[in-house]
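Participant: quick one: sequence and predicted model below, then my questions.
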Amino acid sequence: MRRSSTVSVVIPTHNRPQLVQRAVHSALAQEYADLEVVVVVDGPDNVTEKALAGVSDKRLRDIVLPQPVGAARARNLGVTAAWGDWIAFLDDDGEWLPEKTTLQMKAAQSSKYLYPIVSSQLIIRPSRSDLVWPGTLPLKPLSPYLLTRKSWPYGEGLLSTITLLFPKDLYCQGPFHDGLERHQDLDWMLRVIEHAGAGLEFVPQPLAVWHRAERR
């Protein structure tokens, strides 16, 4: 299947202008230049709109929703509006390292799968010290890897939303369930990995930062 090389970065946000600015700048600073950034502002938010207007890059677009719909539906709307054939998710409390998209697109383009879903490790940056998750690289089958813990600490088995890159045509066949209050990413991953031709590719190095101390 032939796809364009354009990656669309989808970022949902609401009332966190400084955080989303950092996330947007990290996406626009990627070594991989063929991308666009679609920020979905989840409901009226003049401060965030003003902050985004101060970013002078033609690759940035913002979609302001008339009322809040939640992160899952905001992501779905962002994917629908995306121009690229590849989608990557980033949250407003996340940040990408400059080489992320380059390395993940190499993994996607060399994959044996028709629908490669590419993830990586990430850095968890709380108030004390940095951690690298997941501690255990992905195993098959994926459900026990994601849902079964051998120890108490979270992060042993993890495919963080902000590390995911995948074909848009795969996502359109099975978007996020916006009726779920939590764990929409786990639900989505466990559904789409069963799709014919889908498979996981993993870059075993940190390519993103989750600023966990800033989580709501």
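Facilitator: Nice, thanks for sending it over. Residues are numbered from 1 along each chain as shown.

Participant: first-to-last residue distance for stretch 177-190?
Facilitator: In stretch 177-190, first residue to last residue: 12 Å (Cα to Cα, to the nearest Å).

Participant: could you look up the SS state of residue 166?
Facilitator: Under DSSP: H, G, I helix; E, B strand; the rest coil, the three-state class of residue 166 is strand.

Participant: what number of residues lie near the nearest residue to it once chain neighbours are set aside?
Facilitator: Nearest residue to residue 166, sequence neighbours excluded (Cβ to Cβ, 6 or more residues apart in numbering): residue 117, at 4.6 Å. (C-beta placed from N, C-alpha, C; glycine too.) By other Cβ atoms under 10 Å, 25 other residues sit near residue 117.

Participant: do the same with residue 179
Facilitator: Residue 179 has 9 neighbours, counted by other Cβ under 10 Å.

Participant: go ahead and flag the most central residue of this structure.
Facilitator: Centrality entry for the chain: nearest residue to the mean C-alpha point is residue 89, 2.1 Å, by Cα atoms, centre = their mean.

Participant: that one: what's it in contact with?
Facilitator: Counting by Cβ atoms under 8 Å, 6 or more residues apart in numbering, residue 89 makes contact with 9, 10, 11, 75, 161, 162, 164.

Participant: one more time with 6 Å
Facilitator: Residue 89 makes contact with 10, 161, 164 under the criterion Cβ atoms under 6 Å, 6 or more residues apart in numbering.

Participant: on that earlier part again, the residue nearest to residue 166: what secondary structure?
Facilitator: strand.

Participant: just the pLDDT for it.
Facilitator: Per-residue pLDDT puts residue 117 at 98.

Participant: list the contacts of the host helix or strand of residue 37.
Facilitator: Using DSSP states H and E, residue 37 sits in strand 35-41. Under the contact criterion Cβ under 6 Å, 6+ apart, strand 35-41 has outside partners 7-12, 24, 27, 48, 59-64, 74, 77-78, 81-83.

Participant: give me the buried positions along the first helix or strand past that strand going along the chain.
Facilitator: Counting by DSSP H and E, the next helix or strand C-terminal to strand 35-41 is helix 46-53. Judged by neighbour count (16 or more other Cβ atoms under 10 Å), helix 46-53 contains these buried residues: 48, 51, 52.
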